[in-house]
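Peer 1: Build the 3D model from these lines:
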Amino acid sequence: SAAKPLPDEKTVPVAKAKAEAKAAPPPDIGQDQAAPASSGAMSYPVRGKVIREYAKGRNDGIDIQAAPGSAVGAADGGQVAAITSDAEGNHVVVLRHDGKLLTIYSNVTKIAVKEKQTVSRGQKIAEIPGGASPYVHFEVRKGLESTDPMPYLQ
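Peer 2: The predicted model follows:
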């Protein structure tokens, strides 16, 4: 039904394709990282599943579920602006980054940084708590205004 014939298909013999695939070095899965590698402006603070998405006014960040005791890493390099607790007594770490950006990590334990400390991307700042709520709540703010963290992470 096409007016013009399809272009010639260029195929590679199966044996050659298998040989090329074997030539690639295997990935190094022995590296211990606090967060998965990311091509985005920021890296995920922890390896895990996003269990609650950003919804302005209802959830000003994302919740990422991970195994209790997992390292929570800085999404980007910056300075520890504050270490505090929320109304429910959960620990909160706030990092200040270039471009008037803040990242907020709440529902964490075993905080590994101090206020005014400089941190690098991926550096451990805390851990995921045990118990019924093994997740980190992660926010990105421009000034004081919450913004969806996903465009920064992808």
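
Peer 1: Specify the beta-bridge partners of the closest residue to residue 56 other than its chain neighbours.
Peer 2: Nearest residue to residue 56 in three dimensions, chain neighbours excluded: residue 146, at 6.6 Å (Cβ to Cβ, 6 or more residues apart in numbering). No exception for glycine: its C-beta is placed from N, CA and C like everyone else's. Beta bridges link residue 146 to residue 141, judged by DSSP bridges.

Peer 1: Just to be sure, residue 151 is in a strand?
Peer 2: No. Secondary structure of residue 151 (DSSP: H, G, I helix; E, B strand; the rest coil): helix, not part of a strand.

Peer 1: neighbours around it, how many?
Peer 2: A count of nearby residues for residue 151, using other Cβ atoms under 10 Å, gives 12.

Peer 1: Need the per-residue pLDDT for it.
Peer 2: Note on residue 151: pLDDT of 93.

Peer 1: repeat for residue 143
Peer 2: pLDDT, read off for residue 143, is 86.

Peer 1: Kindly provide the distance from residue 46 to residue 152.
Peer 2: 15 Å (Cβ to Cβ, to the nearest Å).

Peer 1: In which helix or strand does residue 93 reside?
Peer 2: Element membership of residue 93 [criterion: DSSP states H and E] is strand 91-97.
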